[in-house]
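S.K.: structure of the sequence below:
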Amino acid sequence: MHQESHHHQVTKMCRILGVSRAQYYRYRSPKPSKRRAEDAGLKQRILRIFAEFKQRYGVMKIHHELNLELQPLQLRCSPRRISRLMKELDIHSVTVNKWKAASASKTKVEQRPNLLKQDFSTTGLNQKWTADMTYIQTKRNGWCYLSTIMDLHSRRIIGYSFSKKMDTDLGSQYTSDDYNQRLTELHIRHSYSRKGCPYDNAPMEFFHASLKKECVYPVPVFEDYETAAAVLFEYVHAFYNRKRIHSSLGYQTPLQVEIATLTSQMAA
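M.R.: Numbers count the residues shown, from 1 in each chain. Below is the predicted model of the structure:
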């Protein structure tokens with residue numbers, strides 16, 4: 001009778017509080033729940049992944065890496081749960097967005113043919129390369145210039161040049177006679193982005209945006225050219241090409257895609 005009365009009182013109290021009896025007993029239990037124990041283990045894995053990728057990964061990329069680890073254990077973890085656990089751990093990606101209004105260039109650039117027409121599709125390596133330049137500020141050496149080349153099939157950065165000065169006038173470096181003559185010698189057809197249309201070179205725009213958010217903006221300002229060069233080398237060669245997964249590549253790294261492509265070509 002006493003037991004029935006107790007259950008009746010609990011049911012009544014739960015109804016008033018708007019919770020289930022299961023929730024009531026779970027909160028009363030001095031033992032940690034199975035889910036809380038799982039959370040503790042997941043937090044350790046999340047912290048390790050977060051540190052391994054130099055705090056540059058957000059929820060979705062951590063979600064991919066974590067579930068690769070959990071797959072052999074036949075376990076899964078949702079992005080929502082990862083987001084909650086990251087908030088409890090008080091960790092978040094170090095990437096920083098900097099928005100600034102687009103300004104029209106005062107430099108007159110001759111309009112050249114746009115052969116690519118935003119078709120970035122490929123069936124193999126070395127079919128389509130994209131190139132562009134951006135600026136990185138330093139305290140001692142002022143603005144320095146980064147020119148990069150990417151293979152559109154693997155999204156791997158196949159080469160870059162970082163210098164303290166620009167060899168040709170701003171706005172004309174990719175339209176110079178010397179540049180185009182060298183392309184002709186290498187039997188490379190040159191497609192030009194239309195003026196004021198960043199979508200014509202979207203993959204490279206995305207790379208530069210990622211580099212700035214993950215590598216440049218988290219640092220107030222690089223001390224000098226040499227410091228910036230060392231950080232860029234680490235980012236491009238050790239992180240971006242080898243470790244950074246891309247959703248557009250099916251959550252693979254550029255190097256994984258390149259190796260898989262070369263392997264399939266050799267097998268064929």
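S.K.: residues in contact with the residue positioned nearest the centre of the chain?
M.R.: Taking CA atoms, centre = their mean, the centroid of the chain lies closest to Ser210, which sits 5.7 Å from it. Contacts for Ser210 (CB atoms under 8 Å, 6 or more residues apart in numbering) come out as Tyr240, Arg244. C-beta: built from backbone N, CA, C; applies to glycine.
S.K.: tell me the SS of it?
M.R.: Using DSSP: H, G, I helix; E, B strand; the rest coil, the structure places Ser210 in helix.
S.K.: how close does it get to Phe50?
M.R.: Between Ser210 and Phe50 the computed distance is 17 Å (CB to CB, to the nearest Å).
S.K.: tell me which helix or strand Ala202 sits in.
M.R.: Take DSSP states H and E as the rule and Ala202 turns out to sit in helix 202-211.
S.K.: repeat that for Ser121.
M.R.: Applying DSSP H and E, one finds Ser121 in no helix or strand.
S.K.: that one: neighbouring residues, count only.
M.R.: 8 (other CB atoms under 10 Å).
S.K.: could you check how far Lys54 is from Glu214?
M.R.: Distance, Lys54 to Glu214, by CB to CB: 8 Å.
S.K.: again, but for Arg15
M.R.: If you measure Arg15 against Glu214 using CB to CB, the figure is 51 Å.
S.K.: of these two, which one has the most company?
M.R.: Higher neighbour count among Arg15 and Glu214: Glu214, with 22 against 11, using other CB under 10 Å.
S.K.: distance check, that one against Arg244.
M.R.: Per CB to CB, Glu214 is found 8 Å from Arg244.
S.K.: find residues that contact each of these two.
M.R.: Arg56.
S.K.: so where's the chain uncertain?
M.R.: Applying pLDDT under 70 to the chain flags residues 1-6, 10, 21, 24-32, 99-112, 167-176, 196.
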